[in-house]
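S.K.: how does the following fold in three dimensions:
(one chain, ligands or ions: 2)
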Amino acid sequence: MSGSEPERPDPYRTTHGERLVPPHPSQIDLHTHTDRSDGLLPPARLVAEAAAVGVRLLAITDHDTLAGFRDLPASDRPPIVIPGVEINSVAEAIEGLREGELHILGLGVDPDDEAFEAILTEQRARRVERFFRIVRRLRSLGLSIDDQVAGLEPAAGASLGRPQIARLLVAAGHAASVDDAMARILGRGRPGYEPRAGIGPDAAIRAIRAAGGLAVLAHFAEANERRDLVAELKELGLGGLEVHYRHFSVATITALQQVARELSLVPTGGSDYHGDRETYAEAHAALYVPDGVAELLHAALRRSAGLTTSE
Ligand SMILES: [Zn+2]
Ligand SMILES: [Zn+2]
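M.R.: Numbers count the residues shown, from 1 in each chain. Ligands and ions are numbered 1, 2, ... in the order given. Below you'll find the predicted structure:
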């Protein structure tokens, strides 16, 4: 990154300060992406790499799609894989949010829930529209990726996003790296930015709950300063807060742990692995989700299953 650009590309996800030293390799990772959205690894490969470093409970949380979970071959070996999604909800009405978004994870949603799938299908259609709006904008900026787009072959049910565009910009020689493309070209306020369309946080939380899942506020480092907002989301049905996030400092984790405790939110955690910067093993080495989170998550999912079935 150039010297005139002191901010990191994702300052809202990375907090600075002392880093956590995992007491043992994390057995839990509840936030990962595969090539069914903007990650690089096929789902089975991600699961194998997670298993190899000792993960026993893994959530695949691709953006607006459950294709990664559905495409996994059946297996009775660890890790247990939880179906999940990440919904980048549009929250322009809320002051001071980066890119006007709140990211909501849906952990343990029912992959056979047709109403939920209909919502995700609509979300993916909006992603396709945005993708091609950006491609046209880049063309008008003299940063054409038309040849690279022509070679794309997304899997069925896969969703598109800016990281894929960033990789195509790198392939076309218009950017040095995905981070460089996001920071200079695709981020909000940059020439290639196009606003997102889609559901808001309230609709995202409602949809996840209706599908039997736990709605979790992802990588929201400001949760302590914006406790009122988190409390409001809890009123809407939020059930978890991503406390043990790989890019958070010890101080952030400690502060968010307190917020989760006071608001009775399940303190989840994960790597948010995409694959552009490092191997899964390298990402996992910087992650620690306490073992006890598994039981808290299972208990919360049992409660939400009780709410959505007639049992
Ligand atoms: Zn996110
Ligand atoms: Zn993510």
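
S.K.: Gly161 and Glu262: what is the separation?
M.R.: 33 Å (CB to CB, to the nearest Å). C-beta coordinates here come from the backbone N, C-alpha and C atoms, glycine included.

S.K.: cool, and Val230?
M.R.: 10 Å.

S.K.: settle it for me: which of Gly161 and Glu262 has more neighbours?
M.R.: A direct count of neighbours by other CB atoms under 10 Å for Gly161 and Glu262 places Gly161 higher, at 19 against 11.

S.K.: all helices for the chain, in order.
M.R.: Applying DSSP state H to the chain gives helices spanning 43-52, 67-70, 114-140, 146-150, 162-171, 178-181, 201-210, 227-236, 250-262, 280-285, 292-308.

S.K.: format these as a markdown table; extra columns: mean pLDDT.
M.R.: Putting those into a markdown table (pLDDT from 0 to 100) gives the following:
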| stretch | mean pLDDT |
| --- | --- |
| helix 43-52 | 98 |
| helix 67-70 | 96 |
| helix 114-140 | 97 |
| helix 146-150 | 95 |
| helix 162-171 | 96 |
| helix 178-181 | 95 |
| helix 201-210 | 98 |
| helix 227-236 | 98 |
| helix 250-262 | 98 |
| helix 280-285 | 98 |
| helix 292-308 | 89 |
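
S.K.: what average pLDDT does stretch 185-198 get?
M.R.: Averaged over stretch 185-198, pLDDT sits at 95.

S.K.: show me which residues of it are buried.
M.R.: By 16 or more other CB atoms under 10 Å, the buried positions in stretch 185-198 come out as 185-187, 192, 194, 196, 198.

S.K.: ok, so of those, who is nearest ligand 1?
M.R.: Taking CB to the ion as the measure, Arg196 is the one of the buried residues of stretch 185-198 closest to ligand 1, at 12.1 Å.

S.K.: near ligand 1, which residues of this structure are found?
M.R.: Contact residues (CB under 5 Å from the ion) of the chain with ligand 1: 103, 218.

S.K.: quick check: chain neighbours aside, which residue is closest to the most centrally placed residue in the chain?
M.R.: Taking CA atoms, centre = their mean, the centroid of the chain lies closest to Glu86, which sits 4.7 Å from it. Closest residue in space to Glu86, ignoring its immediate chain neighbours: Thr61 at 4.6 Å, by CB to CB, 6 or more residues apart in numbering.

S.K.: I'd say Ala223 and Tyr245 touch.
M.R.: No. The criterion here is CB atoms under 8 Å, and Ala223 misses it with Tyr245 at 10.6 Å.

S.K.: neighbours around the residue of the stretch 151-300 of the chain found nearest ligand 1, how many?
M.R.: For the stretch 151-300 of the chain, the residue closest to ligand 1 is Ala218, as judged by CB to the ion, at 4.9 Å. Residues near Ala218, counting by other CB under 10 Å, number 22.

S.K.: tell me how many other residues crowd the nearest residue to it once chain neighbours are set aside.
M.R.: Spatial nearest neighbour of Ala218, chain neighbours left out: His103 (4.0 Å); criterion: CB to CB, 6+ apart. Applying other CB under 10 Å, we find 24 residues neighbouring His103.
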